[in-house]
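>>> Sequence unavailable; structure follows:
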Ligand code: UD1
């Protein structure tokens, strides 16, 4: 197959690493850049173990434009970019907003400039359902009004707008803006999954750490939302399904569609307590939880309408919640401390750093 290389920023992270596996499975060659600020080089080793293929890795920060340009120069066959790298903790973003704007927005400007200088003009951007804020339409179509409610979400929203403006100004650019709903689960191999450093911010990795005994109980943030059990509804999508959505979007860019947005979700919402029950079933015992007050900024319902992605990308989420819970538990129970305990975590010689 005549496939060009794909540059993946943030390819050692949770969604990034699963996407790299699917790219390799689809016979793309992959170059990863990642500054490893919230990930581990061990993820790259495990990608290679799972696929039996090798990946080129550079420890590069998006703010280091010179290093990014050097990567493009060393790999003139890079034809497109999948851009995951970014800071992603909502709570932290309210405390250090300038760091979020600098890393996520300035980093993306520099990436787009480096792409342009090397005549690479196809990009898939890792956006989020957070751009819908508190949506008036459920399930949410891509045409729903946007407007994020915290600095992290605003960086996603601004980057979407920036890429849209670029595609309007320079019609030879093509972009897929992928709005992820809530990723869940782990790789079925059991050797790769989410590897949160510190206390997990998100529901599923927190629950997994309760199950393995690293946390005493789950705090359920509020049971006074207008839902059947009072807890908020989210659309939990299996991470391998989500990863496959990127391959479908990359194929779409070959049609030169300009700038297109897609919801990557299942279309089915689950409450927090339903997820606690589903994961408890996978673990084989009831997991302890306490109802506490609402978390600032949480909205009642974020459920995707994935019809546009289903039709235009010929892609559909297929893995059930039960399977996601089982793969998460398989990963967490086999790797109680995630990737932290692995020896020799330093990446090999492939480091370029000018800043
Ligand atoms: C969060 C971010 C979202 C981001 C996404 C990235 C917020 C408000 N939103 O989504 O912008 O794109 O992560 O993964 O932070 N919950 C508990 N106890 C916990 C953790 C979560 O009850 O310890 C509940 C939350 O209240 C929510 C649901 O579980 O109702 C899902 O939470 P989470 O996994 O953090 O995802 P989001 O908040 O949907």
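Cool, the structure landed. Computed from a predicted model, the values in this text were never measured in an experiment.
>>> Residues of the chain that sit close to the ligand?
88, 90, 128, 130, 153, 182, 201-203, 206, 218-221, 232, 234, 272, 295, 297-298, 302 (Cβ under 6 Å from any ligand atom). Where C-beta positions appear, they are placed from N, C-alpha and C, glycine not excepted.
>>> Using ChimeraX, make a named selection holding only the buried ones among the residues you listed.
Buried residues within those, by 16 or more other Cβ atoms under 10 Å, are selected in ChimeraX with:
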select :88,90,128,130,153,182,202,203,206,218,220,221,232,234,272,297,298,302
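>>> Sort out for me which of the residues of the chain next to the ligand are in helices.
Among the residues of the chain next to the ligand, the subset assigned to helices under DSSP state H consists of 90, 153, 203, 206, 272.
>>> ok, and the closest non-adjacent residue to residue 197?
Setting aside the residues directly before and after it, residue 197 is nearest to residue 38 in space (Cβ to Cβ, 6 or more residues apart in numbering), at 5.9 Å.
>>> brain fart, residue 111
In space, residue 111 is closest to residue 62, 5.6 Å off (Cβ to Cβ, 6+ apart).
>>> now do residue 186
residue 193 (3.0 Å).
>>> Figure out the helix or strand that the one you found lives in.
Following DSSP states H and E, there is no helix or strand that holds residue 193.
>>> Isn't it up against residue 332?
Yes. In terms of Cβ atoms under 8 Å, residue 193 counts as a neighbour of residue 332; the distance is 7.0 Å.
>>> Tell me which stretches of the stretch 51-200 of the chain form strands.
For the stretch 51-200 of the chain, the strands defined by DSSP state E, counting those that start in this stretch occupy 56-58, 78-83, 122-128, 174-180, 182-184.
>>> Strand partners (parallel or antiparallel) of the first one?
Pointing back at strand 56-58 there. Strands that pair with strand 56-58, judged by DSSP bridges, come out as strand 29-33 (parallel).
>>> angle of the partner strand against strand 78-83?
50 degrees (axes from the mean of the first three to the mean of the last three Cα atoms, to 10 degrees).
>>> Which residues does strand 29-33 contact?
Strand 29-33 is contacted by residues 3-9, 11-12, 16, 20, 23-24, 44, 55-60, 62, 68, 71, 75, 77-78, 85 when judged by Cβ atoms under 8 Å, 6 or more residues apart in numbering.
>>> Contact partners for residue 23?
Neighbours of residue 23 in contact, by Cβ under 8 Å, 6+ apart: 6, 8, 30, 82, 246-247, 250.
>>> make it 10 Å
Contacts for residue 23 (Cβ atoms under 10 Å, 6 or more residues apart in numbering) come out as 3, 5-6, 8, 11, 29-30, 47, 51, 53, 55, 82, 243, 246-247, 250.
>>> Likewise for residue 103?
35, 37, 61-63, 85-87, 96, 155 are the contacts of residue 103 under Cβ under 10 Å, 6+ apart.
>>> now residue 135
So residue 135 contacts 129, 141, 144-147, 299-303 (Cβ under 10 Å, 6+ apart).
>>> Burial check on residue 173, number of neighbours?
22 (other Cβ atoms under 10 Å).
>>> now the helices: where do they sit in the chain?
14-25, 42-51, 65-74, 90-95, 97-100, 107-117, 151-169, 203-211, 239-253, 272-283, 307-312, 321-334.
>>> For residue 225, find the nearest of the ones you listed.
Taking Cβ to Cβ, helix 272-283 is the member of the helices of the chain nearest to residue 225, at 9.2 Å.
>>> what's the closest one packed up against?
strand 182-184, helix 203-211, strand 218-221, strand 233-234, strand 236-238, strand 270-271, strand 289-292, helix 321-334 (3 or more Cβ pairs under 10 Å, 6 or more residues apart in numbering; DSSP states H and E).
>>> swap the cut-off to 7 Å and go again
Judged by 3 or more Cβ pairs under 7 Å, 6 or more residues apart in numbering; DSSP states H and E, helix 272-283 is in contact with helix 203-211, helix 321-334.
>>> circling back: adding pLDDT, write the ones in helices among the residues of the chain next to the ligand out as JSON lines.
What follows is those, written out as JSON lines (pLDDT from 0 to 100):
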{"residue": "90", "pLDDT": "93"}
{"residue": "153", "pLDDT": "97"}
{"residue": "203", "pLDDT": "98"}
{"residue": "206", "pLDDT": "98"}
{"residue": "272", "pLDDT": "98"}
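>>> that older thread, please indicate which of the contacts of strand 29-33 are buried?
5-9, 11-12, 16, 20, 23-24, 44, 55-60, 62, 68, 71, 75, 78, 85.
>>> My guess is residue 257 contacts residue 173. True?
No. Look at residue 257 against residue 173 with Cβ atoms under 7 Å: they stay out of range, at 10.8 Å.
>>> buried stuff in stretch 220-234?
220-223, 225, 227, 231-234.
>>> farthest pair in these?
223 and 234 (15.0 Å).
>>> of the contacts of residue 23, closest to the ligand?
residue 243 (14.9 Å; Cβ to the nearest ligand atom).
>>> Residue 168 is in contact with residue 175, correct?
No. If you go by Cβ under 7 Å, residue 175 and residue 168 don't touch, sitting 10.7 Å apart.
>>> Of those two, give the one with the bigger neighbour count.
residue 175 (25 against 11).
>>> Show me what the more buried one bridges to in the sheet.
When bridges are called by DSSP bridges, residue 175 pairs up with residue 123, residue 259.
>>> please begin residue numbering at 16 from this point
Fine by me, first position is 16 from now on; the one you just mentioned is residue 190.
>>> and it, what does it touch?
Counting by Cβ atoms under 7 Å, 6 or more residues apart in numbering, residue 190 makes contact with 138, 140, 178, 182, 274.
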